[in-house]
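In: I would like the atomic coordinates for the input below:
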Amino acid sequence: MTTAGQIRGAFCVSLLGSVLALGGCAMLPASGPAPLKVFLTPPDLRTIPYSVVQVTPNITSILANAVPRLTAFADQQKPTDLRFGVGDVVGVTIFEASSGGLFIPLEAGVRPGNFVTFPNQAVKSNGNITIPYAGAIRANGRTALEVETAIVDALKNRAIEPQVIVTLVEQRTSLISLLGDVGKPGRIPASATSERILDVISRAGGPAGPGPEEWVLLERNGKRALAPFAALIDEPINNVFIHANDTIYLFRQPQTFLTFGALGTQQQIPFGAWRLSLAEALSKAGGLNDNLADPASIFIYRGETRDVAKAMGVDVSKLKGPIVPIIYNLDLRDPSGYFLATSFEMRNKDVIYVSNSASVETTKFMTYVNTINQTINDPISTATNVYALKNLIKGVGNTAVLTGATLSH
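Out: Residues are numbered from 1 along each chain as shown. The predicted structure follows:
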């Protein structure tokens, strides 16, 4: 005869086998993947191919050199002298050593000095200006000194020791474009003196928004670089020299990161500063949940360029696209992990995920099993109790019959 204990055991074994067949803990509630799933999922089974990178001093050093900055232009020389372009308006004054020459008459007192100033003229579409007795002089692409030398060479055999001064009257080509979130966007003339990017932004009225949220894009000859506005002040190497025809674009982009898993809070959190370390980000999120978190399983999800991924030792040969998905892992059970967390710089839209410890998952599973066991026990206990009650009623009935028969005798 099958007992209640045997029935209960059969049900438990059957159900436990079903749970294991369906993936065991995968059926349990969770806010993200278990650490083993992050590390051990075969590449061909990953929905989006990614690479796991352990945070080390070498990794933080590589990432520190890969942050967006204007240092790409930092090694370039100061801007050269301004060069004339088509449309620029120039003025020309010619001096002669004595009267009676090509431009200065013999009659004394007719002129206030030994020079003649020609009407201002724009550099023509062919790149030339015209000087009497010298003819067409090329100005496009030349500095004022080079144009002066060219005029002197053209007149030296006709005028008396000619000297020339060429000035830029109206600047129409050597301009700097300032766009976006600045006080006075537009095109401003490049200065004849060397100016840095903060000087030029100041001439345009400065950034219109809060400094920690402002970003600066510099474009020159098809090359671009990006940096937070505060980096221009905090890191002087980013305050680079500006050249004529540069484009500067300021835009506002509040930086945030997202938190999930065993942290004090799960939400989108603003940086609140122009840069933020991982240690500061974890603190902003309320720190690790002491009852849930596995300090060795802190993951940061981010996309890195192929060059940065390759520098970190990632095999990018099987990964497509310019951006490589990376999951960084930080172990805070290691006492030195907090030093790494302070040197790991966060990026906009980073995702921080902290998984539960193994003991928490085990407790969840045991609670689940106990719930199932209790669910099985309830109907069995009820059936057992009903069976016992029936036997008790039957026994009571038999006793009454026997008692009645005895009394009748």
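In: Tell me where the chain has helices.
Out: 4-21, 35-40, 57-64, 144-155, 197-203, 229-234, 278-284, 306-311, 337-343, 358-408 (DSSP state H).
In: mean confidence for the longest one?
Out: Model confidence over helix 358-408 averages 60 on the pLDDT scale.
In: again with the third one
Out: In this model, helix 57-64 has an average pLDDT of 96.
In: what does the fourth one give?
Out: Confidence over helix 144-155 (mean pLDDT, whole number) is 96.
In: and it, how far from the chain's centre?
Out: 51 Å (Cα atoms, centre = their mean, to the nearest Å).
In: Show me what it packs onto, helices and strands only.
Out: strand 89-95, strand 128-131, strand 135-138, strand 163-170 (3 or more Cβ pairs under 8 Å, 6 or more residues apart in numbering; DSSP states H and E). No exception for glycine: its C-beta is placed from N, CA and C like everyone else's.
In: And the last one, what's buried?
Out: Read it as strand 163-170. Using 16 or more other Cβ atoms under 10 Å as the test for burial, strand 163-170 gives Gln163, Val164, Val166, Leu168.
In: Let me know the pLDDT of the third one.
Out: Per-residue confidence (pLDDT) for Val166: 97.
In: Begin at 5, not 1, for the rest of this chat.
Out: Right, with 5 as the first residue, what we last looked at is Val170.
In: so who does it touch?
Out: For Val170, the contacting residues are Val94, Gly95, Val96, Ala148, Val151, Glu152, Ile155, by Cβ atoms under 8 Å, 6 or more residues apart in numbering.
In: Same question for the second one.
Out: Under the criterion of Cβ under 8 Å, 6+ apart, the contact partners of Val168 comprise Val96, Thr97, Ile98, Phe99, Glu152, Ile155, Val156, Leu159.
In: List the beta-bridge partners for it.
Out: Ile98 (DSSP bridges).
In: Then the last one?
Out: Beta-bridge partners recorded for Leu172 (DSSP bridges): Val94.
In: I figured it hits Leu86, correct?
Out: Yes: between Leu172 and Leu86 there is a contact under Cβ atoms under 8 Å: 6.8 Å.
In: For the two, list the residues in contact with both.
Out: Ala148.
In: Excluding chain neighbours, what is closest to Asp319?
Out: The shortest distance from Asp319 to any non-neighbouring residue, by Cβ to Cβ, 6 or more residues apart in numbering, is to Ser55 (7.5 Å).
In: okay, the buried residues of strand 167-174 in a markdown table with distance to Ile133 next?
Out: A markdown table is the format used below for the buried residues of strand 167-174 (distance: Cβ to Cβ, whole Å):
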| residue | distance to Ile133 |
| --- | --- |
| Gln167 | 18 |
| Val168 | 12 |
| Val170 | 9 |
| Leu172 | 12 |
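In: Please identify which two of those residues are farthest apart in space.
Out: Gln167 and Leu172 (18.3 Å; Cβ to Cβ).
In: remind me which residues of the chain are low pLDDT?
Out: Applying pLDDT under 70 to the chain flags residues 5-33, 111-117, 363-413.
In: contacting residues around Phe88?
Out: Val94, Val127, Ala143, Asn144, Gly145, Arg146, Thr147, Ala148, Val151, Leu172, Thr177.
In: Asp250 versus that one, what's the distance?
Out: 18 Å (Cβ to Cβ, to the nearest Å).
In: same question, Gly131
Out: Relative to Asp250, Gly131 is positioned 22 Å away (Cβ to Cβ).
In: Look at those two and report which has more neighbours.
Out: Neighbour comparison, Gly131 and Asp250: the larger count goes to Asp250, with 21 against 16 (by other Cβ atoms under 10 Å).
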